[in-house]
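Student: I would like the atomic coordinates for the input below:
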Amino acid sequence: MSALTSGGGGRGGPQDGEPPPSSRASLPAPPSQPSFIQYHRERIENLVLHLGEVSQLTIRTASSIARRPLEIESTMQQLESLGVRSMGIVAVTSLFIGMVMTIQFAFGLQRFGGVEYIPRVIVLSFCRELAPTLTAVIVGGRIGSGMAAEVGAMNVTEQVDAIRALGADPAKKLVLPRVLAAIIVMPLLSTYALALGTAGAVVICATQFDITPNLFLSSSLEAVKLGDFFSGLAKTPVFGFLIAIIGCHFGLGTRGGTEGVGLSTTRTVVAVSIAILISDFFLTKFLFVFQSS
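Tutor: Residues are numbered from 1 along each chain as shown. From the prediction side, this is the model:
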């Protein structure tokens, strides 16, 4: 009788290692994929949220300028970190961009017999667009990601909370020195990139197209005016501000340990590049209207 009972139980019950029917029925269903409209609506809402947070951080940073202490020492440290340590990458990129652009323009102008216009086109392009914008995009990725990683690590390790607990404002202690340093550094790096890019173009013109350095400089100075130089230089403080404020914004919003720090740096590089290119369009339109009026 006991054998029949055990055998019947073995045939009618669940097999060894299988969960009972009640537990299988209680498993949650996989989450449904959002629709196309829901996905893009969430992306737009996140974008608006980030823009609002950046605006609030900008207002807090601007209102803390006049409050003591002035954070001069921190600003000088950021100037060294953002400016001096970025000169190497600016030198390499601007020098080779000048060489490449010279070859590209010469290839196109040779078809129309306009090789003598190479210096004018190169220097004018560097003054108005290449030196400020490309320098901001290349250096901005380095500076912005560094700020996001540094501030994000401080936020993850609760150093930002400690600053608040001591009665200080993180926008004053962390954001303001980086914003001021980036605004000061970017015009200097842009001028440095213009000089080296022009030097690269002079070398290529002298070695491949029989344009002497004296002819290069005299021809370019005939076409380029001070207004062209200052129209490009005027963009760089705006680029520096965008780089610093975006990097600090993502750094202060870092969550989730080291993984969150890596995610913040990635988002910073993408956001900084897009912000620079969009702002460059509006600044160029504004400067053209201002110069023509």
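
Student: how about Pro34, secondary structure?
Tutor: The three-state assignment at Pro34 reads coil, by DSSP: H, G, I helix; E, B strand; the rest coil.

Student: quick one: it and Glu42, what's the gap?
Tutor: 7 Å (C-beta to C-beta, to the nearest Å). No exception for glycine: its C-beta is placed from N, CA and C like everyone else's.

Student: how many neighbours does the residue lying closest to Cys205 once chain neighbours are set aside have?
Tutor: The shortest distance from Cys205 to any non-neighbouring residue, by C-beta to C-beta, 6 or more residues apart in numbering, is to Ile211 (3.9 Å). Neighbourhood size, Ile211 [other C-beta atoms under 10 Å]: 21.

Student: surely Ile211 meets Val203?
Tutor: No: in this structure Ile211 lies outside contact range of Val203 using C-beta atoms under 8 Å: 10.7 Å.

Student: per-residue confidence for the residue nearest to Cys205?
Tutor: Ile211 is assigned 86 on the pLDDT scale.

Student: could you do Gly257 as well?
Tutor: In this model, Gly257 carries a pLDDT of 82.

Student: that one contacts Asn155, correct?
Tutor: No: look at Gly257 against Asn155 with C-beta under 8 Å: they stay out of range, at 10.7 Å.

Student: between the two, who's got more neighbours?
Tutor: Higher neighbour count among Gly257 and Asn155: Asn155, with 21 against 12, using other C-beta under 10 Å.

Student: give the contact list for that one.
Tutor: 251-254 (C-beta atoms under 8 Å, 6 or more residues apart in numbering).

Student: next structured bit after the helix or strand hosting Val238?
Tutor: Per DSSP states H and E: Val238 is located in helix 236-252. Beyond helix 236-252 on the C-terminal side, the first helix or strand identified by DSSP H and E is helix 257-292.
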